[in-house]
Each structure stands twice: as C-alpha cells, then as structure tokens.
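> Need a 3D model of the sequence below.
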Amino acid sequence: MTDIAQNRIQWIDEYKGFVLLLVCLFHAEQSFKFIDMGMNSLSAMRMTAFFFISGLLFSTRRFSNFKSYAWHKTKVLLFPYIILSLLFLALDPVVWNFDLFSKAPKMTIMNIRPEIASLWDYLYWNLAKIFVAGKSSIGSGPLWFIFTLYSIGLLFFGVQKIAELITQPLRRRFSTPQHCIIGLIAIVAVGCLIAGWQLSKNQIRLPLGLERDCTCLGFFALGWLAKEPIKKMGSITNIKGNIILLVATIASFALYFITDESYPWFSIMNNSLGKNIFQFIGSSLFGIAGLIGLFQLISRIPAIAPIRIFRGILRNIARNALIILAVHWWVLLILRIVFRAELDKPGIAYLSVPITAFFVFWAIPLFRCKLYRLVGKEKISFRESLSIR
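I've put the predicted structure just below:
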C-alpha cells in the first residue's frame, strides 16, 4: 500500500488547513461577545477531525523502533511545545503588567481553580499548566493540541506494536493476518472512546491530560482504521463515483447538524463531551465524513484561479499549523486584555479577525526563516514560507 503520509496528498493538507482555520475563528468568537460566526455549532467536529486525520497519516515506515519514533516526535512536537509555551508566557501582557490579570482568561488546572494574588502565583500556575496539566500557558493555550498529538502518537505506536505481538499466533492460522491487527485496534478505539466518556461524565482530570488522551486516541485509531477505505474512495473518480460522493457528503453534514448539540459546546481540551456519548461520537464522525467528502470533491474541481488560491492558502496554513496555533491566540489575548473596551462593540469586534491574520501572516516567515529551531523546522526562504503551491 502506498503510504499516504509519504505522498502528502493535497486534499488532506487542505482539510487540515480548513480545520485549523475553524479553530482560529472559534477563538476569535470566544474572545469577543459581539462576534458570532456560528463556530459553536462546529465544536464536535473541529479537533476530533484533526486527530482522525492524524491517525490516517500515521506511519512507522521511517521509524521501525519506538526509540527512533519517540525521538523524532520529541524534536518536532514536544520540544516546540515546551519552548513556545515558555516564550509566549514571557510575552503574556499580564507578566509585564499584573494589573491586567483581572481581564485575562481564567485558569482551571485539573479541576483546581487557583487563587492568584501575585505575579509569582501567576507564573507558578502557568508552569503547572505547561508541565503538569499538559495544557500550555495562558499565552499559548492552543498548544495543548501539540502536546496531546505527541502523547497519543507514542501511545498508538505502542498499541500497534502490542497488537502485532498479541495477534502473531493468530496470524499464522489466517490467510489475512492484517485483519487480526485491525480487529484488535478497533477494540482499542472503542475502549478508548468509552474510557474518555466515563472520565468526562465523572469530571475526572488527570496529569498530562491523560483523560483527553483516551478520547483523542480513540479518534486517532479510527483514522488509522479508515486509511484503506478512504484510499479506495479517493480512487473512484468517474461520474457515478462523484455523484455518490456528493450525496454522501451532503447526507453526512445533514446528519451532523441533526445530531450536534451546540450548547454546551464540546471541548476536547477539557474532555467535556456533552451529555450523550452516542450524540458526541455520532456527530463527530458525521462531521469528519462530511469534511473528507468535501475536500475530496474540491480536489476534483478544475483548478481555476480562485479555487487554486483558496486551496493553496489552506495548504500553507496546514504546513505552518504550529506557528499559527501559538501566534493567533497570543494576538487575540493582547486584543482581549488590552483593547477589549475599544474592540468589543457591534461590528467593530470583527476587526479582530483581520488584525490577527495580519500578525500571523508576518509571524510565519519570522519563525520559518529566523526562529525555525524553536518550531523544530528547517530554515526556508521568505518566499517558501508564504508559498501557496
């Protein structure tokens, strides 16, 4: 089987870029009460969609043993998570002027709402968020995703190797040995989703975000299981196949909005999964299926200029996800703490979106050309960093 991760299929990067764009818009909506773009109604699909597609891309081809895989992921995910968390903690406006603390987002760490009376308290609990809760600092909150992706990548590597070991005697008896591994990983996926739900239901918060790891590992494993079916679906490009894909995509989105519970919105970061496990998992999977169908369909549309530019922008967002996650949140944090009185008004609040986009745009070449070691990347040119090809 051709490795999806090696081929860098463009629709997958566009899918990832679109999901990240939804995340950024949701954070803008969170930051100002006079912004409403309907992002709450997309809560069930946003981050589950990212973990699902990450599982789809999982591969051990380059790293045959756990040590080499773990070291690679440590360099490209864990180190950047720690470095950027500390960097944006140092850039947090509250650190420079503690009088702004009352306007800052409130902390909850493993069900603890800390009492913060001084700058040292603030720094202490931010460090606890980074190193104990695995949720990054207030100044770079969305980087919890990077730490979770690191954790479940290592966990899934272990799951896959253990599955191979356990099923080895069975595989000698069957003509389709891969099915034994698939079956065991399917059981793990279901078990993780149930465990994540039980932890959510009982409001249990564990060190390093292990409760959300259960939920995210479930979707990651489902993505890995869906690799072959999605590959086969993508190979059917005749008229009949396109019509079937279009109908399935529309049906998936319709079922998503029927089953979605937009309030209270789901939060993978806090492992808050709503009131009904079937509603959460069902709406998430319908949303994921709709996004996969949508971007496979878009990939088949002739690349006229507007579509080509849109797809290129999404691919650039996907390539620079780590930078965008950290920088867009920090800019929004500055705006909501320092300029809330001027910005949070009807109509005017939407200016926060282009302002944030402007700073993110210039942050990409800054990090890719000058500060590339901080994000675990190789140095590239200014033009390459902003390329939409």
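> hang on, residue 237 is in a helix, isn't it?
No: going by DSSP: H, G, I helix; E, B strand; the rest coil, the assignment for residue 237 is coil, not a helix.
> start the count at 29, not 1, going forward
Okay, residue one is now 29; in that scheme the one you just asked about reads as residue 265.
> For it, which non-adjacent residue is closest in space?
Using C-beta to C-beta, 6 or more residues apart in numbering and skipping the chain neighbours, the partner closest in space to residue 265 is residue 328 (6.4 Å). Every residue, glycine included, has its C-beta placed from N, CA and C.
> And the one you found, how close does it get to residue 38?
11 Å (C-beta to C-beta, to the nearest Å).
> Which one's more surrounded, the two?
A side-by-side neighbour count of residue 328 and residue 38, using other C-beta atoms under 10 Å, places residue 38 first with 17 against 12.
> what residue ranges in the stretch 29-178 of the chain score low on pLDDT?
Residue ranges of the stretch 29-178 of the chain with pLDDT under 70: 29-36.
> At which residues are the strands of it located?
With DSSP state E, counting those that start in this stretch, there are no strands along the stretch 29-178 of the chain.
> what ranges do the helices span in it?
Secondary structure of the stretch 29-178 of the chain (DSSP state H, counting those that start in this stretch): helices located at 32-35, 38-59, 71-85, 94-101, 107-118, 121-124, 147-156, 172-194.
> which intervals of the stretch 179-328 of the chain have sub-threshold pLDDT?
Low-confidence segments of the stretch 179-328 of the chain, defined by pLDDT under 70: 197-205, 290-293.
> make it 80
Scanning the stretch 179-328 of the chain for pLDDT under 80 picks out 195-208, 262, 289-293.
> just to revisit the earlier point, name the stretch among the helices of the stretch 29-178 of the chain that sits most buried.
Counting by mean count of other C-beta atoms under 10 Å, helix 71-85 has the highest mean neighbour count of the helices of the stretch 29-178 of the chain, with a mean of 25.
> Off-centre distance for that one?
How far helix 71-85 lies from its chain's middle: 6 Å, per C-alpha atoms, centre = their mean, to the nearest Å.
> Does anything pack onto that helix? Which helices or strands?
On a contact count with 3 or more C-beta pairs under 8 Å, 6 or more residues apart in numbering; DSSP states H and E, helix 71-85 meets helix 32-35, helix 38-59, helix 172-194, helix 238-253, helix 305-327.
> For the third one, output the C-alpha coordinates as CSV.
As requested, the backbone C-alpha atoms of helix 172-194 are provided in CSV (Å, rounded to 0.1, in the frame of the first residue of the first chain):
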residue,chain,number,x,y,z
TRP,A,172,-2.3,21.7,24.3
PHE,A,173,-3.1,20.1,20.9
ILE,A,174,0.6,19.7,20.1
PHE,A,175,1.3,18.0,23.4
THR,A,176,-1.7,15.7,23.0
LEU,A,177,-0.7,14.8,19.5
TYR,A,178,2.7,13.9,20.8
SER,A,179,1.3,11.8,23.6
ILE,A,180,-1.2,9.8,21.5
GLY,A,181,1.3,9.3,18.7
LEU,A,182,3.6,7.5,21.2
LEU,A,183,0.7,5.6,22.7
PHE,A,184,-0.6,4.5,19.3
PHE,A,185,2.9,3.3,18.3
GLY,A,186,2.9,1.1,21.4
VAL,A,187,-0.7,-0.1,20.7
GLN,A,188,0.2,-1.1,17.2
LYS,A,189,3.3,-3.0,18.2
ILE,A,190,1.5,-4.8,21.0
ALA,A,191,-1.3,-5.7,18.6
GLU,A,192,1.2,-7.2,16.3
LEU,A,193,2.7,-9.2,19.1
ILE,A,194,-0.6,-10.4,20.5
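> Show me what it is packed against.
Packed against helix 172-194 by the contact rule (3+ C-beta pairs under 8 Å, 6+ apart) you find helix 71-85, helix 94-101, helix 107-118, helix 205-229, helix 238-253, helix 349-366.
> Format these as TSV; extra columns: distance to residue 58.
Shown next, in TSV, are the helices and strands packed on helix 172-194 (distance: least, C-beta to C-beta, whole Å):
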stretch	distance to residue 58
helix 71-85	11
helix 94-101	29
helix 107-118	17
helix 205-229	20
helix 238-253	18
helix 349-366	8
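> Nearest to residue 48, out of the ones you listed?
With distances scored as C-beta to C-beta, the stretch of the helices and strands packed on helix 172-194 nearest to residue 48 is helix 349-366 (5.5 Å).
> what angle separates that closest one from helix 71-85?
With axes from the mean of the first three to the mean of the last three C-alpha atoms, to 10 degrees applied, the angle from helix 349-366 to helix 71-85 works out at 160 degrees.
> isn't residue 328 right next to residue 270, touching?
Yes: when contacts are counted by C-beta atoms under 8 Å, residue 328 is listed as touching residue 270 (6.5 Å).
> Distance-wise, check the residue nearest to residue 265 relative to residue 343.
Using C-beta to C-beta, residue 328 is found at 16 Å from residue 343.
> can you give me phi and psi for residue 380?
Main-chain torsions, residue 380, degrees, to the nearest 10: phi -60, psi -30.
> Now do the contacts for it.
Residues in contact with residue 380 (C-beta atoms under 8 Å, 6 or more residues apart in numbering) are 56, 59, 60, 63, 360, 363, 371.
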